[in-house]
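J.: I'll drop the sequence and a predicted model, then ask my questions.
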Amino acid sequence: MKKTIDFCGRPLSIETGVMAKQANGAVMVQYGETAVLVTATCSKSDREGVDFLPLSVDYQEKFSASGRIPGGFFKREGRLGEGEILASRLTDRPIRPLFPKGYGRDTQIAATVYSFDKENESDLLGLIGASAALHISDIPFLGPVGAIRVGKIDGQLKLNPTIAEMDHSDLELIVAASREAIVMVEGAANQLPESEILEALKMAFEGIQPLLDLQDEVRRELGKEKFVVQAPVVNTEAIEKITGLVSSKLDELLTIKNKIERYQAIHSFEKKVKEGLLVESEDNQKVADLVESVVHDLIGAKMRTKIVTEKKRSDERKTDEIRNITSQVSVLPRTHGSALFTRGETQALVTTTLGTSDDEQRIDSMSGESKRRFMLHYNFPSFSVGEVRPNRGPGRREIGHGALATKALAAVLPGTEKFPYTIRVLSDVLESHGSSSMATVCGGALSMLDAGVPLKAPVAGIAMGLVKEDNQFFILSDISGDEDHVGDMDFKVAGTKEGITAVQMDIKVTGIGWDIVEQALEQARVGRIHILGKMAEALETNRSELSKHAPRLETIELPKEKIREVIGKGGETIRRLTEEGGAKIEISDDGIATIASSDADSLARTKQMIMDIIEDPEVGKIYKGKVVRIEEYGAFVNILPNSDGLLHVSEMISEGGGRINVNDVVKDGDIMEVRVLEIDRMGKVKLTQYLNPEDRPERPARESRPRRDQRNDQRGRGGRDRDRDRDRDRKRRY
């Protein structure tokens, strides 16, 4: 079956029953000529001993979808790239909360792009297809959900703009929603106010509803019956017994403000409770096994209750209060820029490195080859949370957090014409207890300012939380890791004083109204401005000079006809310039030569060598040249790398005066100063040794030859006849 709707001016269809029929659910979602096959498959039984949802989501792009062959040696798709991982996360985040409690089967969502028209993005088709495949399958799923992209082009909000239109957009907002409310937001903006973001969210919510109608229609006709999930068995008696043993002590332990000390105290207490239960009776083993989970749930309940009843959090902060902030810059001696940003028990050490265009990241994807001038890499080592685990490189979480921080900072970067550097920001989280991605944004902005990057404005980020009970809700500013875990929302907002540059929101409950979103945005704005003020105490604007360890860049616009001369045959000239000048040279396709060196002398020397190559001789200008050839009538002097001039014997200066012998005045290889006397219409350069025009003696004017008719008159009639005959013979030949 295939169902099609008009979606934002283009046909969107969902087809099922043709491909991948052995999966629990499979659909082909097509938008324009972009098509994604999405399958949902689960194991036959629950995984034993798991207390989490064993869900995996993989989104993969096939190069053949756009008629391309992968680069590299193997010529086939490899492991998922950064863009594919981010698209996988876009699908995972909104559907993960929509599985019923007690569901424990291994479940996999596989989204594969099989056709890409380079006009319609494929990432959101993976999310729409995942929802549809789960919705029509026998897998329990509390959906459906839909997704849409919002742009702002020429001052107007637009749903699902084309890829070409998004190149000129001031906003890219990806929104996922259910019937009741928005469930996920991810996006970047060009310092837009909160009111416009709220308007875009409302517009997106309305635009998603036809997608939900389409999925429901497909389910009504072809949907499978959902299998029943057994609700987890609750040992009420054991829970009540453990609660009575630990409740009052937990109130005391939760007052410990230091995270590690609190966790250690709670762990020791749990151990004592379990030992006490086993001493009481060996039959208490099942009760003892529940201690950790009961304590975990009880801590969450106590934290939420305190917020609702006392309007205070576990660390005694008010709902809109931000933890203590300290900022330091230039903390590392040899980096181009560095910053240490600490907020509460979250700390990020961030460095900035400046490079040339050769350092740009080259990306080979289904969309084609591209380059990335700005890179931000986020690392989350295990010691940051006091744990031990092997370092296996960045996981999906690290890539997602890094991408969010990249969006937040990219909006304020200077253009290449003003700052032609490649920029890499590296964030290592040294401590974590809530919103290390937003600490990366703050530290990243400070480290770039410390490196001398002329940002349009500093950027700060803040994470907002929510506790919703019945008809009451409480927005929490700068949430800790515990509050993120037990709360109902994780809403990250980054921006400048002028407006928002990046947002990310994940909702864990249904029924989030617009009043909650509006208050969260406003409370985040106030908190963001507070954080910017704290950052300004360390460094308010970019340093006027780059670090002495950073490369200096000079750019020269080469005339088109001179590009080949600077490069030389097989790159011979540019290699010589690099070796002799001591600086790195890059030449773009449009003839912009970029010279880079951390040494000012090397930079100036290399620049002058290039200027000498592209410079044309100028009449009246004095040059220091080298004699490269001697003839009887004069000497040829190389005054520029690609320009020789003739110093005629008549323009040479001899100490003895009288008739001059060229070999007595100059020798091959002599270095001498000469002045350009004349450049004829053929481009030949004539030189003189008289550097001051007034010192050059006047040359007697040549006697003008008589005109042809005058010569003929002098030669008589016979001469005229010979001329006539010669002209006639010439005409015959031609």
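T.: That came through, no problem.

J.: For the stretch 601-734 of the chain, which segments count as strands?
T.: 622-631, 634-640, 643-648, 671-679, 685-688 (DSSP state E, counting those that start in this stretch).

J.: What lies in contact with the shortest one?
T.: The contact list for strand 685-688, computed with C-beta atoms under 8 Å, 6 or more residues apart in numbering, reads 617, 625, 637, 639, 643-648, 651, 674-680, 696. C-beta coordinates here come from the backbone N, C-alpha and C atoms, glycine included.

J.: Equivalent analysis for the third one, please.
T.: Contacts with strand 643-648, where a contact means C-beta under 8 Å, 6+ apart, come from 616-617, 625, 628-629, 633-639, 666, 674, 676, 684-689.

J.: quick one, which of the strands of the stretch 601-734 of the chain is nearest to residue 484?
T.: strand 634-640 (66.4 Å; C-beta to C-beta).

J.: quick revisit: of the contacts of strand 685-688, just the buried ones, PyMOL syntax please.
T.: In PyMOL, a selection of the buried entries from the contacts of strand 685-688 looks like this (16 or more other C-beta atoms under 10 Å):
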select buried, resi 617+625+637+639+643+644+645+646+647+648+651+674+675+676+677+679
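
J.: rewinding a little: ok, which of the strands of the stretch 601-734 of the chain comes nearest residue 505?
T.: With C-beta to C-beta, the closest approach to residue 505 among those belongs to strand 634-640: 62.4 Å.

J.: CA atoms only for that closest one, dumped as CSV, please.
T.: Backbone C-alpha positions of strand 634-640 (Å, rounded to 0.1, in the frame of the first residue of the first chain) are rendered in CSV as follows:
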residue,chain,number,x,y,z
GLY,A,634,75.0,46.0,-23.8
ALA,A,635,74.0,43.7,-20.9
PHE,A,636,70.8,42.0,-19.9
VAL,A,637,69.9,42.6,-16.3
ASN,A,638,67.3,40.5,-14.4
ILE,A,639,65.4,43.1,-12.3
LEU,A,640,62.4,40.9,-11.4
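
J.: gap between residue 335 and residue 329?
T.: 11 Å (C-beta to C-beta, to the nearest Å).

J.: circling back to that earlier point, want to throw the strands of the stretch 601-734 of the chain into a markdown table with distance to residue 157?
T.: Shown next, in a markdown table, are these (distance: least, C-beta to C-beta, whole Å):
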| stretch | distance to residue 157 |
| --- | --- |
| strand 622-631 | 62 |
| strand 634-640 | 57 |
| strand 643-648 | 59 |
| strand 671-679 | 61 |
| strand 685-688 | 63 |
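
J.: So which bits of stretch 406-418 are buried?
T.: Here stretch 406-418 shows 406, 407, 408, 409, 410, 411, 412, 413, 414 as buried, counting by 16+ other C-beta under 10 Å.

J.: What is the end-to-end distance of it?
T.: Stretch 406-418 has an end-to-end distance of 20 Å (criterion: C-alpha to C-alpha, to the nearest Å).

J.: coming back round to it: and the two most separated of the buried residues of stretch 406-418?
T.: 407 and 414 (16.9 Å).

J.: mean confidence for stretch 554-561?
T.: Stretch 554-561 comes out with an average pLDDT of 86.

J.: Just the C-alphas of it, formatted as CSV.
T.: Output of stretch 554-561 as CSV, limited to C-alpha atoms (Å, rounded to 0.1, in the frame of the first residue of the first chain):
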residue,chain,number,x,y,z
GLU,A,554,48.8,37.4,4.6
THR,A,555,46.7,37.3,1.5
ILE,A,556,47.6,38.5,-2.0
GLU,A,557,45.2,38.6,-4.9
LEU,A,558,47.1,37.2,-7.8
PRO,A,559,46.4,38.4,-11.4
LYS,A,560,45.0,35.5,-13.3
GLU,A,561,47.8,35.6,-15.8
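
J.: Poorly predicted segments of the chain, please.
T.: Counting by pLDDT under 70, the ranges of the chain that qualify are 656-658, 699-734.

J.: which helix is the longest one in it?
T.: Longest helix in the chain, counting residues (DSSP state H): helix 194-222.

J.: Run through the neighbouring helices and strands of the helix or strand just after that helix.
T.: Counting by DSSP states H and E, the element after helix 194-222 in chain order, helix or strand, is helix 236-253. On a contact count with 3 or more C-beta pairs under 8 Å, 6 or more residues apart in numbering; DSSP states H and E, helix 236-253 meets helix 259-280, helix 285-288, helix 291-310.

J.: In helix 236-253, which residues are buried?
T.: Of the residues in helix 236-253, those buried (16+ other C-beta under 10 Å) are 238, 239, 241, 242, 245, 246, 250, 253.

J.: pretty sure residue 560 contacts residue 591?
T.: Yes - using C-beta atoms under 8 Å, residue 560 is in contact with residue 591, at 5.9 Å.

J.: ok, those two, which is more surrounded?
T.: Legend: neighbour count by other C-beta atoms under 10 Å for residue 560 and residue 591, higher for residue 591 (15 against 8).

J.: Pull the number of nearby residues for the nearest residue to that one once chain neighbours are set aside.
T.: Residue nearest to residue 591 in three dimensions, not counting chain neighbours: residue 558, with 4.3 Å by C-beta to C-beta, 6 or more residues apart in numbering. Using other C-beta under 10 Å, residue 558 is surrounded by 20 other residues.
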